[in-house]
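> One predicted model, sequence on top.
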Amino acid sequence: MKKVQFERKLNALTKQLTIRKFILFIASALLIMLICLLLFVFHNKQSSVSHSETSQSSLQVNNQPREGKDYKIQYSNSSLIKRTTLNTALKEAGLFDFNYLLNTSDDGGNDAKILVYYNQTDQTLIFKFYQNGYQSDNDYQIGGYDLKQQTGIHGLQPSAFNGLPLVYTWENLKTK
């Protein structure tokens, strides 16, 4: 009889071990699925964040003023001054900050048109600024830039650009 009891206990133990193995297998499978799910969610969250960052940066790029849509640039008399020299001077003078030039608030340039004349003898650029809403060709402000000193020129008179060749024109297309 001892042998029969031993076999019954062995069968019961085998069933218990099988049930434990089955429960352990299910628990392991659930744990692995949970880890995979968390990895999937984490990976998708990072992708959506970088996607929104990309969208924001592309929106910022799209909000930048564009030549031909927001403003127009025209170069003239290019044999008098190198375009790179002119562009460098205009950049130093702040005339390539198109966001500022197009800004109609009190903090902005509020410019409709800018004409740039070149004095080859003095190596200076003379600027005529026409603000939005100007009424006539006499409704402008004057500024300048010394190419040798690389500084702005103030206190210019309207005669400062008389007889000088026009080398650059910037025009705000949003005001038309």
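Ah, there it is. Residues are numbered from 1 along each chain as shown.
> Show me what secondary structure element comes after the helix or strand bottoming out on mean pLDDT in the chain.
Every helix and strand in the chain was compared by mean pLDDT, DSSP states H and E; the lowest is helix 2-63, with a mean of 68. As assigned by DSSP states H and E, the chain's next helix or strand after helix 2-63 is strand 71-75.
> Now tell me what touches that following strand from outside.
Contact partners of strand 71-75, identified using Cβ atoms under 8 Å, 6 or more residues apart in numbering, comprise 65, 67, 83, 86, 98, 101-102, 167-174. Quick note: C-beta positions are derived from backbone N, CA and C, even for glycine.
> Also stretch 116-134?
Counting by Cβ under 8 Å, 6+ apart, 77, 80-81, 86, 89-90, 93, 95, 104, 109-115, 139-148, 153, 156, 160-161, 164-170, 172, 175 sit against stretch 116-134.
> Let me see the mean pLDDT of that stretch.
Stretch 116-134 carries an average pLDDT of 91.
> quick revisit: give me the subset of the contacts of stretch 116-134 that lies in strands.
Of the contacts of stretch 116-134, the ones assigned to strands by DSSP state E are 111-115, 141-146, 153, 166-170, 172.
> What subset of the residues you listed is buried?
Burial by neighbour count, 16 or more other Cβ atoms under 10 Å: within the ones in strands among the contacts of stretch 116-134 this picks out 111-115, 142-145, 153, 166-168, 170, 172.
> Need the max-distance pair from those.
153 and 172 (23.6 Å; Cβ to Cβ).
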